[in-house]
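*Asks:* got a predicted structure plus its sequence, pasted below:
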Amino acid sequence: MLSPNTKLISHPLIQHKLTLMRDKATSSASFRQLLREISLLLGYEITRDLDVAPHTIETPLETMQGVQLAGKKLCLVSVLRAGNGFLDGFLDLLPSARVGCIGVYRDADTLQAIEYYTKLPERLQERPVIVVDPMLATGNSAVAALDIVKKYGAIRIKFLCLLASPEGIKSVSVAHPDVQIYTAAIDRELNNHGYILPGLGDAGDRLFGTSKRSE
């Protein structure tokens, strides 16, 4: 059963592409392209509640009133480095979105998140904010990133990932019950190294071709 703050996006196209990404035989180039495509599809779902305002235009035949996006531009916050894989697809959909980056790494022994870099747009309190990271495993990095964007003033926050573990969902839900989690899949569990099972391995390594490791 899903927690109240978790939304599973189970569109057939997303699930098809996610299955291809899980395959250890998928190359880094294909992995990147698939993530870009999935990001666009996920972006469509997660932005359904963006604010709009009436806007009058002239069609070739007559005047009409349509709508356009309103308010401060949305901010995407990438949790480095794997979160960057989401950006191209999102920016295809919302080219005017602002982009921030948060660098955190997971201590190999404690699995705790350690911050090493933060650069965020101004006036986060006035913007919808979507924090993106492909894997919600232990939840420590996600919680740290959400702590940071709140410290910088963000109020309307969502968290988007490809895969989530039950442990990660619980961790974020306890620390940030006001943040909606969007994910394409909820996998079975974590292994002893904090990797999601069945998972897809290390998303950053598979994106950038820095390791053959898959767990």
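*Replies:* Thanks, I have it.
*Asks:* please put the alpha-carbon coordinates of the helix ranked longest in the chain into CSV.
*Replies:* The longest helix of the chain (DSSP state H) is helix 28-46. C-alpha atoms of helix 28-46 as CSV (Å, rounded to 0.1, in the frame of the first residue of the first chain):
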residue,chain,number,x,y,z
SER,A,28,25.6,4.3,-21.0
ALA,A,29,24.5,6.1,-24.2
SER,A,30,21.2,4.2,-24.3
PHE,A,31,20.8,4.6,-20.5
ARG,A,32,21.1,8.4,-20.9
GLN,A,33,18.7,8.6,-23.8
LEU,A,34,16.1,6.5,-22.0
LEU,A,35,16.4,8.6,-18.8
ARG,A,36,15.9,11.8,-21.0
GLU,A,37,12.7,10.2,-22.5
ILE,A,38,11.4,9.1,-19.1
SER,A,39,12.1,12.5,-17.6
LEU,A,40,9.9,14.2,-20.1
LEU,A,41,7.1,11.7,-19.4
LEU,A,42,7.5,12.1,-15.7
GLY,A,43,7.7,15.8,-16.0
TYR,A,44,4.3,15.9,-17.7
GLU,A,45,2.7,14.1,-14.8
ILE,A,46,4.4,16.0,-12.0
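*Asks:* next one: that helix to chain centre, how far?
*Replies:* From the chain centre to the centre of helix 28-46 is a distance of 11 Å (Cα atoms, centre = their mean, to the nearest Å).
*Asks:* what sits up against that helix?
*Replies:* 9, 11, 13-14, 17-18, 20-21, 26, 85-90, 92-94, 130, 132, 134, 158, 160, 162, 182, 184, 206-209 (Cβ atoms under 8 Å, 6 or more residues apart in numbering). Yep, even glycine has a C-beta here, placed from its N, CA and C like the rest.
*Asks:* can you list contacts of the following helix or strand past that helix?
*Replies:* Counting by DSSP states H and E, the next helix or strand C-terminal to helix 28-46 is strand 52-58. Here strand 52-58 makes contact (Cβ under 8 Å, 6+ apart) with 63-70.
*Asks:* can you list the residues you listed in TSV and add pLDDT and neighbour count?
*Replies:* Below are these laid out as TSV (pLDDT from 0 to 100; neighbours: other Cβ atoms under 10 Å):
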residue	pLDDT	neighbour count
T63	97	8
M64	97	10
Q65	96	8
G66	96	10
V67	95	10
Q68	93	9
L69	92	14
A70	90	11
